[in-house]
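Q: Sharing a sequence plus its predicted fold:
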Amino acid sequence: MENYKYAVFFEAENLSDAELRQMQKYFKIRRRSGGGECEINKVGDTTYKISFMEREAQERVLERKDHVIKIEGQEEIHVLLRCENVVESSKQSKESPNQKCASAKSEEKVFKLDHYLLRFLSECKKPHSDLEKHVSLSSSTFKINIDSEELVVVKDPGTEDVYSLKKWEFVVDEAIETLKSRYIIHFEVESDKSAILEENSFLQSDNLKIYFEELTCLAVVVGERKEVEKILTFLSGLQNKQQVQKECCVSEKQFNLIKEEFEPYVKSNLPALKITQERAGILLKGPEKEVHAGENELLKLAKGIKEKRIPSHHPLMTFLESSGGIQHFQNRFQQSLRSPVMLETSGSDLLLLSLSDGALEEAAAAVQRDLCLETVRLENAQKSSAFTKLKEDLSKAVKQANHKSVKVELKYQDESTPDPKVQLVGYATEVSKLKNMVLEYKQNHQIHHVSLPLPCPEMVEHFSEILAIGGMKKSSVEIKPTSSPSPCVHLTGPRCEVESLKDSLESCLQRLATKRCEVKGPGVQQIFQSEGARILQSVKNSYMVRILPIDDKQKRGKVPKYMSSLSLPFTSASSQDSLVSDKEIDINVVVGSLEQQQADVFVAPMIQTNMTSTLIGSSLLNKAGQQLQNNFNNAKGKHKLKPGEVLEVDATPVLGCSKVFFVECAPKGNKHKSEKALRSGLRRIFELCKQNSWGSVALPVIGPGIVLSIPVKDSVNILTHEICEFLSGPTGCLDTICIAIMANYAHSEEMFQTVCGNLSAKMVDNTGKALFQSLTSDLDEIIIPVDGIELHLVFGDITNETTDAIVNTTDFKDFQTAGVCKDILTKAGPQIQAQLTGAQVASGQIFTTPPGGFPCKTIMHVCGERNPDVTKTLAKEIVVQCEHGFYRSVAIPAICAGQGGLDPNVVAKSILEGVKEGVQGANLQRLKNIRIILLKINVFLAFKAAAKQIFGSNTQLTAPAPLVLTSVTTRGRNATSIKHSGSTRSSRSHSVPLPVSLDLSSLVTSLPDTESTAAFLVIGHTNNDVSDACRDLQQAYKDQCSTHTFFADEIERLTQEEMDQLLSKVNSLHLQIEQSSSDGWVVKGQRNGVNEVVRLIQDALRRQVREKDQTFLFSQVTWCILGPRGIWQKVPKDANYKLEKRDVKDGIEDAQGVKWTVDLPKMEATSCDSGQVTALKRLENSSDFSLPIYWDNMSQGDLLKVIVLDPSSTEYKTVKHDFKMTVKKTVLNV
């Protein structure tokens, strides 16, 4: 290093050893770099120093500064040299740094070219001629000076007129650059490649020359670019063929030991040999001779490695590998021992490698001394909270020890057993420290249990407060107070801490002062649980005491509810139920047998106490089995029921109910007696449902049939009357009434229409109260959206339709047989029937006529030929013709389901599939409403089931059920304009009953005692503090109470319900009522409760006055709203009052709880939820006669008024329906 004094510097990122060797060879060759003998060393993170032996070499390389070094298989390396202490002898001219311009007088230009390129241009004829040619083009001559590495171009005299000096220089520069790009130089510094070139020197030609440096392994290839690239490709291929590789079984650790000896040997003797460390060993690659020599030397050195095996344990080996301990020891031995020592794991043994026996022994002793494995057993650790603390302390100690590097590892063994183990592995110092912590735990933290009795059971629940007032400090001892079998506290923890805490607690309990404090009065316990809780806290803080509630197990019994006391003379049988909020009632009219339903109670008729005397009873027995008969016999016993009585029978699991009520009926023969028994039985059934808190009841229409023979209309009237009578009073828990109607009875349709009609008309009673919330049925109109149109399934009569098109089903022969055809033609007129007579219509075709007297635009006559395929084709063609005829709506009957005799299921499938094919994909622009009108229940149910299969149940919307044979008041319109959407409903409104006379003295004497006691245990530091705290508790109760006196005349006008509410409020707020004088009462208790009672009495009086005004006005004027089924309904009394007083700014609520905004000038109301608009009207009630609410007031002076009913109105349909029940004629007008 002392001989290499002249340095230059450059910056580079992470150069490999191979790259440094290539760069060193480059700077050693003067012909390439201008340098000479040198060394390259790394002196900084990215700084390298090149040290030359001669100053001239340093100066030459600095003249170029930017050097480009080509390395095979990699990108070129650009080296920018600098020398802070060397001043450049001459600055570069403004021209290119490898050229000099002569003075203007000599008119010559000097180019600095590579020595080998100048030799090539001089020695080779073709390149020399090429140079002459390029130079002569600029009217110049040249001369080559190889020693000075210069090419001098001289301008011919007399060419000043042709070229100016500047232009001449440009032409000459361009010529030399072209020459330099054509002929290139390659320096081959690898000895093996140089040798290959020397062996194949015959490759030289006129366009290629190879020069060899005798003192180095350098070979220089100069020639045309293509020729040079060609020979380099040949050279690389030939070198690859001559190279071999050999893998030597020398581990990485072994190689690291002999690396310092092996690499210099290879560098000096085997320069072409490449060394790679592989997983399985060392890989040698290069010429076969060098690879074989390298292998021999490597194995020879490996034989000198000494080994020492130290038997150990698997946890120690795992620790060494995971913690980096092997590298730690190797680094340590590298610094402390004369010879390096390497460590390897071999199973559960540790293998030490070194070139020195002495170093090996020293290293083995150090490893055995510094590594340690300890296992400590603990006893009863899982029951001790201190064990958790020990684990936390050990965890912290491990983290601290391993702060910079892993020194110790800890593992728990058998942790789920009573005696776990702690395993410590690592360096001896750290392991010893942790082991001492574990041993200290074993000595001081053995589990110990002891119990300490407590003087009062109240201390158990609040023992934490006892500790706080006693100033006890926290400890690791587990403190568990318990009251069973006697009040005490269990202490669990380390023995020394447990004994110390026990002594402290005994001393603390002896020092504390205690006193029992009792506060008496109405609602005292509730006061201290609510408002008084804040006062308790204030007393605690003021006197530094603890106030503990005492449970004497002598608490006052629960105060009986006033309404259940039989001693009060004003309590009626229904008063208890009046305080229970009645549920909203839903009535559902279903099509099917009783045994198919689901309800809490089934109702079945019987005669002479015989369950199977009726078809309904027999059907229940068939489904339920013999167990139902046994239950019936057990309930009946030897008794025989009288007509009107009810037998309660337990149901069986097979039935969908809990009870079956069998009502005893009178046999046919005496109509008056039968109807009376039926009324009594139904009344008793509803009363039993209320008394037993049943939520739902399912019953048939009892009466029609051969057993009882009560007419359908009379049977339905009795049923609906009893339902409405029951709903007008308290209903208890009952919220659902299900009326089951069989679909295949002769009078099923009449029965269904009468039930729905009666219930709809009585939905609001004469007082304006809504009797039930909703009325639904299985025959509600179904609306199915299909590709932009609405398909309606309607249970009704097609002659009531007002669609644009009407479809008539006929055989074009018989027009007189009762049915759809006769009804349509009768309404259309004889001229339409005349057009059909003798008409010839092809199969599947439609015959169209004008409407005649029918309220439509056209009538389409079809014949289904009792063929499902024809029916399907007709349904599709009906859709097509309606679209072509610009008809927006069409009504279609069940083609061939009546006189045609086809199965309704087949008809439904054919028509619905035909409609679907006609609609889907047709992009209908005009037809928007298709109504399928079905006169029979079984046909409607068949269409309903088929629609679910064809269109999917999720696409169906249900509109309200019809009142008569039609369900929509305005045909051909969107049904959503009349159906109920979801509405916000309030609870059913009830009118306030009349006041009742009260025996005030009996009321006072019958009131239960509400006096109660709140007992506390007060604990403090001194007796004075405790006594003062007890005094403040008494005063605190008094401050929270108040009294109020009211007189008999203030409550004499209260209704039964209001009185029940008053007494319930007194009970719930734990107040006390006492008689202060002959007509005065005093209510005592919590201030807020007393105020609520006063407010309740005042509100009740105000409500009575308002109710009286509303009732009087309701008898004089009735406001009605047009309901969703096209029926006028009375509004409740409060809404009636608002409308009459024109106080409607906040809207009104109808009897079902639907909220409406009102426009009185237009007499319209708009639903707040759905936006539906409906009509309002005002009726004045006469004192001598009440008109139906669907009639309007007559003008003053009118004695008679004839009105033609609108065929689309509900009244028209009702009259028509009743008429057709007795006369089988077609109604033309009413």
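A: Ah, there it is. Numbers count the residues shown, from 1 in each chain.
Q: Which parts of the stretch 851-1000 of the chain are helices?
A: 868-884, 904-919, 937-951, 1000-1006 (DSSP state H, counting those that start in this stretch).
Q: Then the stretch 51-200 of the chain?
A: 55-64, 115-123, 125-136, 165-182, 191-199.
Q: Quick check, Ile258 in contact with Lys300.
A: No - using CB atoms under 8 Å, Ile258 makes no contact with Lys300, being 9.2 Å away. In this view, the C-beta of every residue, glycine as well, is placed from N, C-alpha and C.
Q: Which of these two has more residues huddled nearby?
A: Just comparing Ile258 and Lys300: by other CB atoms under 10 Å the higher neighbour count belongs to Ile258, 22 against 12.
Q: Counting by contacts, list what whichever strand or helix holds that one packs against.
A: Assigned by DSSP states H and E, Ile258 falls within helix 252-269. Counting contacts by 3 or more CB pairs under 8 Å, 6 or more residues apart in numbering; DSSP states H and E, helix 252-269 packs against strand 274-277, helix 288-302, strand 341-346, strand 349-354.
Q: Including mean pLDDT, could those go into CSV?
A: CSV is the format used below for those (pLDDT from 0 to 100):
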stretch, mean pLDDT
strand 274-277, 84
helix 288-302, 85
strand 341-346, 82
strand 349-354, 85
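Q: For Leu708, find the nearest of those.
A: For the helices and strands packed on helix 252-269, the distance to Leu708 is smallest for strand 341-346, at 101.1 Å, taking CB to CB.
Q: so what strands line up beside that closest one?
A: strand 349-354 (antiparallel) (DSSP bridges).
Q: List the buried residues of the partner strand.
A: For strand 349-354, a neighbour-count test (16 or more other CB atoms under 10 Å) marks Leu350, Leu351, Leu352, Leu353, Ser354 as buried.
Q: Give me the distance from the helix or strand following it to the chain's centre.
A: Next helix or strand after strand 349-354 toward the C-terminus (DSSP H and E): helix 357-370. On the basis of CA atoms, centre = their mean, to the nearest Å, helix 357-370 sits 64 Å off its chain's mean C-alpha point.
Q: Which other helices and strands does whichever helix or strand comes after helix 357-370 contact?
A: Heading C-terminal from helix 357-370, the first helix or strand you meet, by DSSP H and E, is strand 371-377. The contact analysis (3+ CB pairs under 8 Å, 6+ apart) places strand 371-377 against helix 314-323, strand 421-427, helix 428-444.
Q: Pairing partners for strand 371-377, with directions?
A: strand 421-427 (antiparallel).
Q: can you list contacts of the partner strand?
A: The contact list for strand 421-427 (CB atoms under 8 Å, 6 or more residues apart in numbering) reads 315-316, 318-319, 323, 370-378, 394, 401, 406-414, 431, 434-435, 438.
Q: Recalculate using a threshold of 7 Å.
A: For strand 421-427, the surrounding residues in contact (CB atoms under 7 Å, 6 or more residues apart in numbering) are 315-316, 319, 370-378, 407-414, 431, 434-435, 438.
Q: repeat for stretch 862-869
A: 807, 809-812, 841, 843, 846, 870-871, 874, 895-896, 900-902, 906, 910.
Q: that older thread, please name whichever of the helices of the stretch 51-200 of the chain is nearest to Val1090.
A: helix 55-64 (109.7 Å).
Q: how distant is the closest one from the center of its chain?
A: Taking mean C-alpha positions (CA atoms, centre = their mean), helix 55-64 and its chain are 76 Å apart.
Q: buried stuff in it?
A: Ala57, Gln58, Glu59, Arg60, Val61, Leu62, Arg64.
Q: okay, and for the stretch 651-800 of the chain, where does confidence drop off?
A: Filtered on pLDDT under 70, the stretch 651-800 of the chain yields the residue ranges 766-768.
Q: Of all the helices of the stretch 851-1000 of the chain, which one comes closest to Gln24?
A: Nearest of the helices of the stretch 851-1000 of the chain (CB to CB): helix 937-951, 89.7 Å.
Q: Of the buried residues of strand 349-354, which is the nearest to Asn41?
A: Nearest member of these to Asn41, counting by CB to CB, is Ser354, at 29.7 Å.
Q: Can you name the residues that contact the closest one?
A: Taking CB under 7 Å, 6+ apart, one finds Leu257, Lys306, Ser339, Pro340, Val341, Leu360, Ala363 in contact with Ser354.
Q: Distance check, Ala468 against Val477.
A: Applying CB to CB, to the nearest Å, the value for Ala468 to Val477 is 16 Å.
Q: can you list the helices of the stretch 851-1000 of the chain in a markdown table and add mean neighbour count and mean pLDDT?
A: What follows is the helices of the stretch 851-1000 of the chain, written out as a markdown table (neighbours: other CB atoms under 10 Å; pLDDT from 0 to 100):
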| stretch | mean neighbour count | mean pLDDT |
| --- | --- | --- |
| helix 868-884 | 21 | 94 |
| helix 904-919 | 22 | 94 |
| helix 937-951 | 19 | 91 |
| helix 1000-1006 | 15 | 54 |
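Q: right, and the ones you listed - which one's nearest Ser538?
A: Between the helices of the stretch 851-1000 of the chain, helix 1000-1006 lies closest to Ser538; by CB to CB that is 37.1 Å.
Q: so after that closest one, what's the next helix or strand?
A: Next along from helix 1000-1006, by DSSP H and E: strand 1011-1020.
Q: Listing partners with orientation, what would you give for that next one?
A: In its sheet, and by DSSP bridges, strand 1011-1020 pairs with strand 513-522 (antiparallel), strand 546-549 (antiparallel).
Q: so can I have a markdown table of the ones you listed showing mean neighbour count?
A: Output for the strands paired with strand 1011-1020, formatted as a markdown table (neighbours: other CB atoms under 10 Å):
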| stretch | mean neighbour count |
| --- | --- |
| strand 513-522 | 17 |
| strand 546-549 | 21 |
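Q: Could you save those strands as TSV and add columns showing distance to Glu595 and mean pLDDT?
A: Formatted as TSV, those follow (distance: least, CB to CB, whole Å; pLDDT from 0 to 100):
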stretch	distance to Glu595	mean pLDDT
strand 513-522	56	85
strand 546-549	57	84
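Q: worst-scoring helix or strand of the chain, pLDDT-wise?
A: For the chain, using mean pLDDT, DSSP states H and E, the weakest element among its helices and strands is helix 575-578, scoring a mean of 39.
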